[in-house]
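> with the sequence up front, the predicted model follows.
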Amino acid sequence: MQGAAQNWLLVSLLLFLSLIPLIRFVFLPRGKPFEAALQDALAREVVTDELRARLNDPVVAAAHIYEGVVILLILYFMVVKPF
């Protein structure tokens, strides 16, 4: 695809594939303790400090921001086709 008129497809695919490691290294490991904290909070019927800490995890927030930026970039490439 080098030198082709549709290199934006390759870049979009690479950006999309860059999201896959987030699942393995961020969402799955941090999701299991979150689920435990959520179940504990549901049993107590109150938002616990542990659940609040899991909800405000900066690593997960950064991963979600990265997801959003990648999706917006892919949409931009689909519409504008800059290269």
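Arrived safely.

> helix, strand or coil for residue 34?
At residue 34 the chain is in helix, as set by DSSP: H, G, I helix; E, B strand; the rest coil.

> in what helix or strand does the residue lying closest to residue 47 once chain neighbours are set aside lie?
Closest residue in space to residue 47, ignoring its immediate chain neighbours: residue 41 at 5.8 Å, by C-beta to C-beta, 6 or more residues apart in numbering. For the C-beta atoms, the positions are set from N, CA and C on the backbone; glycine is no exception. For residue 41, the host element (DSSP states H and E) is helix 28-44.

> run through who's touching that helix.
Helix 28-44 is contacted by residues 47, 48, 50, 51, 53, 54, 55, 57, 59, 60 when judged by C-beta atoms under 8 Å, 6 or more residues apart in numbering.

> now it: buried residues?
34, 37, 38, 41 (16 or more other C-beta atoms under 10 Å).

> how close does the third one get to residue 23?
Applying C-beta to C-beta, to the nearest Å, the value for residue 38 to residue 23 is 19 Å.

> same thing with the first one?
Counting by C-beta to C-beta, the separation of residue 34 from residue 23 is 14 Å.

> next one, pLDDT for residue 82 please.
For residue 82, the pLDDT comes out at 84.

> please apply the same query to residue 10.
Residue 10 carries a pLDDT score of 89 in this model.

> tally up the residues packed near residue 18, please.
12 (other C-beta atoms under 10 Å).

> from what I can see it touches residue 71, true?
No: using C-beta atoms under 8 Å, residue 18 is not in contact with residue 71, being 11.6 Å away.
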